[in-house]
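In: below are the sequence and a predicted model for it; my questions follow.
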Amino acid sequence: MASPRITIVKHPMALEQLTLARDRRSDQVIFRKAIFRLGRILAYEFLRTLETKEVQVETPLEKSRGEKIKGNDKIVIVMILRASIPFVEGMYKMLPMARTGIISAWRGEPPDFSIEVSYAKIPTIHEDDIVIIADPMLATGHTLVEVANRVMARGKPKRLVFFSVISARQGINYVSRVYPNAEFYTCAIDRKLNKEGYILPGLGDAGDRAFGSPY
Ligand code: URA
């Protein structure tokens, strides 16, 4: 298998926000804000990969040369309920023209980690689209593969990109075996998964940290 295409974003602000997100003492307000900011930073780094085209602009004083990002209206963000909500909100700050797919997918019990999907609204995907699937935690990769399969059923994009705050190497390998051309943007690759499929050291359950435990 060729090496997965991974960008690890180590901007000082990303490192600080990641630490806040990991910290068990961060309440849900601090946690959501950290995830929001990390979504914004990852999208900012990702934007470096888009080209710009030359445009003309008139300043109050004279005409000048300007730049416009090419293809930022060809981006589709796929949000996975519920932990992706603050993450994607942050991404919109950099990708405001993105179309959005929403999917409710969650992982069953080990060892199968079978995925249940109860809601999916994914726009038609065109061949010049870039799809970004956003999940703060890339753990086993089972959820992301299921989500990507559903995206592919709506059309094949030009690029398939996965955004996560923290990833497990095992999950990246699993996803890239199924989608060898996929790209990964993450802030950290952590040590390992525990038996329940949680990332160690990780940050715990991202949905519970952001919105409170349902129990
Ligand atoms: N999902 C989470 O919220 N946390 C993990 O560590 C793994 C999956």
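Out: Cool, the structure landed.
In: residue 184: what secondary structure?
Out: Here residue 184 is recorded as strand under DSSP: H, G, I helix; E, B strand; the rest coil.
In: how near is the nearest residue to residue 82 once chain neighbours are set aside to the ligand?
Out: Among residues not flanking residue 82 along the chain, residue 207 sits closest, at 4.9 Å (C-beta to C-beta, 6 or more residues apart in numbering). Backbone N, C-alpha and C define where each C-beta goes, glycine included. Using C-beta to the nearest ligand atom, to the nearest Å, we find residue 207 at a distance of 6 Å from the ligand.
In: buried sites along whichever helix or strand residue 207 is part of?
Out: Per DSSP states H and E, residue 207 falls inside helix 206-211. Under the neighbour-count criterion of 16 or more other C-beta atoms under 10 Å, helix 206-211 has 206, 207, 209, 210, 211 buried.
In: for residue 39, which residues are in contact?
Out: 86, 87, 88, 89, 90, 91, 93, 134, 163 (C-beta atoms under 8 Å, 6 or more residues apart in numbering).
In: could you rerun that using 7 Å?
Out: 87, 88, 89, 90, 91 (C-beta atoms under 7 Å, 6 or more residues apart in numbering).
In: need the residues of the protein near the ligand, please.
Out: Applying C-beta under 6 Å from any ligand atom, we find that the chain lies next to the ligand at 83, 137, 139, 198, 199, 202, 205, 206, 207.
In: and the third one, what's its pLDDT?
Out: To tie it back to what came earlier, the one meant is residue 139. For residue 139, the pLDDT comes out at 97.
In: same check on the fourth one?
Out: We have a pLDDT of 96 for residue 198.
In: for residue 168, list each beta-bridge partner.
Out: When bridges are called by DSSP bridges, residue 168 pairs up with residue 190.
In: how close does it get to residue 158?
Out: 27 Å (C-beta to C-beta, to the nearest Å).
In: tell me which of these two has more neighbours.
Out: The neighbour comparison of residue 168 against residue 158 (other C-beta atoms under 10 Å) goes to residue 168, with 25 against 13.
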